[in-house]
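A.B. asks: output the structure for:
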Amino acid sequence: MIPKKDIVNCKWKPALMAGVWITSCLLLLFLYCLPFHYQQSPFATALSSGTQHPVFSHECYRNSATKIQNNCCRLHKYSLADIVTCSEGFANSSAISTPGNGRRYPGMNNERDWKTEGLHWVLVGDSRMRQLFTDLAARLSPARALYRVMDLKSGKWKPSKNLLPLLLGETGPLHSNAEVYLPDAPLRITFYWDPVLEYLPGLLRGWGDTAPLPSILVVNSGLHWIVESAEAFATGGRGVAAAPFSRAISRLVPELDRLSADTPVVFQLIDHVQESRNTAKLQQVQSNINIDYYNDILTKAVAGTNITLWSSTVCLSDLYIQECTENPYLHDSQKLWMCQDGVHVGYVMVIHYVRMLLNFVCNRVLGLGRGFC
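C.D. replies: Predicted coordinates:
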């Protein structure tokens, strides 16, 4: 047992028994069962411009001694109907912008893009980004959603009726691109498997040229860079090991910033890991101190740009890790808790990550009013 403590301004006393009671529930049912409470705060208009947004800032998740709570603004709990309404709203809106910056995003409301593509969310990154896509795909599954997976060797999309089991790793991890499409909205969400962001530059060049702009781009990277740098870390230290990552991000950020003039771009920081489950080879390089070093590189790289930094998941991952430290065998078939997985948080936390994302994209469209994020 480790003492409860304030971790990066986040405090949590998780309702552990509630998590155990619902392990027999389906993931979709759980989305609407979790009894977390959100409270309105006088800071509802804070941190709403530039690279800061109250949904994504770790500064807004503090003083929450018993619940996960955003103290800057209210988070709406999205139903499937809300997501459909959000998607339809973009078709009828003449000016969609993120809160506080007053800019229009053609990728979100361009009439040509809507008729040919609908609302198109793009998620690019590693297995943690795949978890966000998995939760979104699960939310859409009751609405006659269509799924497909790309054969990376041929570059061709193939229909998939069993995408969710693939995403949940029931037959091994899915290291491929995947997509879910909801014709009735219409809404398309694409996940690109790109853990070191080697394919993202090509996507950026194509958007607006040969392909319509995405409605929103969410990116993460870092953990694979860290693992692959183990030898360089052992021989040259942290700075030498992280240098290739730093150079790659420095080249990528200007391209992302250019896209952000037309489409919201969100860069998610690297969640912490359960260090006790690291292999001997990764004990030092995959430490949370080293992860913070990479997160610092990302934070400095996007400073002064229009890229939105998503930092709140780091402190929430600490809260999840703390519970797993005290209950190391906490695990269930629905993967709400995955304490034996040292790298990924369980879906009990991923649900909250996706809730943040939905609030960022859809709150203005739903017209929820003052106080909401």
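
A.B. asks: quick one: buried residues of stretch 288-305?
C.D. replies: 288, 290, 291, 292, 293, 294, 295, 297, 298, 301, 302, 305 (16 or more other C-beta atoms under 10 Å). (Each C-beta comes from the backbone N, C-alpha and C, glycine too.)

A.B. asks: again but with stretch 191-206, I slipped
C.D. replies: For stretch 191-206, by 16+ other C-beta under 10 Å, it's 191, 192, 193, 194, 195, 196, 197, 200, 203, 204.

A.B. asks: the third one bridge partners, please.
C.D. replies: Beta-bridge pairing for residue 193 (DSSP bridges): residue 125.

A.B. asks: surely residue 189 is within a helix?
C.D. replies: No - read with DSSP: H, G, I helix; E, B strand; the rest coil, residue 189 is strand and lies in no helix.

A.B. asks: setting aside sequence neighbours, what's the nearest residue to it?
C.D. replies: residue 121 (4.5 Å; C-beta to C-beta, 6 or more residues apart in numbering).

A.B. asks: element containing the one you found, please.
C.D. replies: strand 119-125 (DSSP states H and E).

A.B. asks: let me see the mean pLDDT of that strand.
C.D. replies: On average, the pLDDT along strand 119-125 is 93.

A.B. asks: could you check the angle strand 187-193 makes with it?
C.D. replies: 10 degrees (axes from the mean of the first three to the mean of the last three C-alpha atoms, to 10 degrees).

A.B. asks: helices and strands around strand 119-125, which ones?
C.D. replies: On a contact count with 3 or more C-beta pairs under 8 Å, 6 or more residues apart in numbering; DSSP states H and E, strand 119-125 meets helix 80-92, helix 127-140, strand 187-193, helix 200-206, strand 216-220.

A.B. asks: just checking: what are the partner strands of the helix or strand containing residue 158?
C.D. replies: Element membership for residue 158 (DSSP H and E) is strand 156-159. Strand pairing for strand 156-159, using DSSP bridges, gives strand 146-151 (antiparallel).

A.B. asks: and the angle from the partner strand to helix 127-140?
C.D. replies: 150 degrees.

A.B. asks: as a whole number, average confidence for strand 146-151?
C.D. replies: 84.

A.B. asks: nearest residue to residue 78 other than its sequence neighbours?
C.D. replies: Leaving aside its chain neighbours, residue 78 sits nearest to residue 358 (4.4 Å; criterion: C-beta to C-beta, 6+ apart).

A.B. asks: whoops, I mixed them up, residue 317
C.D. replies: residue 271 is the one closest to residue 317 (C-beta to C-beta, 6+ apart), at 3.8 Å.

A.B. asks: ok, now residue 159?
C.D. replies: Spatial nearest neighbour of residue 159, chain neighbours left out: residue 148 (5.2 Å); criterion: C-beta to C-beta, 6+ apart.

A.B. asks: could you check how far that neighbour is from residue 328?
C.D. replies: Distance, residue 148 to residue 328, by C-beta to C-beta, to the nearest Å: 38 Å.

A.B. asks: before we move on, what about residue 285?
C.D. replies: Distance from residue 285 to residue 328, by C-beta to C-beta: 23 Å.

A.B. asks: also residue 219?
C.D. replies: Residue 219 is 32 Å from residue 328, where distance means C-beta to C-beta.

A.B. asks: hang on, the earlier thing: for the very next helix or strand once past the strand holding residue 158, packing partners?
C.D. replies: Downstream of strand 156-159, the first helix or strand assigned by DSSP H and E is helix 163-167. With contacts defined as 3+ C-beta pairs under 8 Å, 6+ apart, helix 163-167 has these neighbours: helix 127-140, strand 146-151, strand 178-182.

A.B. asks: quick check: residue 316 touching residue 349?
C.D. replies: Yes - contact criterion C-beta atoms under 8 Å: residue 316 and residue 349 qualify, at 5.9 Å.

A.B. asks: pull the strand holding residue 121 out as CSV, backbone CA atoms only.
C.D. replies: Extracted in CSV, the C-alpha atoms of strand 119-125 (Å, rounded to 0.1, in the frame of the first residue of the first chain):
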residue,chain,number,x,y,z
LEU,A,119,-17.6,14.7,-39.9
HIS,A,120,-14.2,13.0,-39.9
TRP,A,121,-12.1,12.5,-36.7
VAL,A,122,-8.6,11.3,-37.1
LEU,A,123,-6.6,9.6,-34.3
VAL,A,124,-2.9,9.0,-35.0
GLY,A,125,-0.5,7.2,-32.6
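
A.B. asks: could you give the angle of it to strand 216-220?
C.D. replies: Going by the same axes, to 10 degrees, strand 119-125 makes 10 degrees with strand 216-220.

A.B. asks: who's in contact with residue 328?
C.D. replies: When contacts are counted by C-beta atoms under 8 Å, 6 or more residues apart in numbering, residue 328 touches 339, 340.

A.B. asks: helices of this protein, start to end?
C.D. replies: 16-21, 27-30, 80-92, 106-109, 111-117, 127-140, 163-167, 200-206, 223-228, 230-236, 238-259, 288-302, 312-326, 347-366 (DSSP state H).

A.B. asks: nearest to residue 59 among those would be which one?
C.D. replies: Nearest to residue 59 among these is helix 312-326; the distance by C-beta to C-beta comes to 8.5 Å.

A.B. asks: so for stretch 331-351, what gets flagged as buried?
C.D. replies: So for stretch 331-351, counting by 16+ other C-beta under 10 Å, buried means 331-332, 334-339, 341-351.
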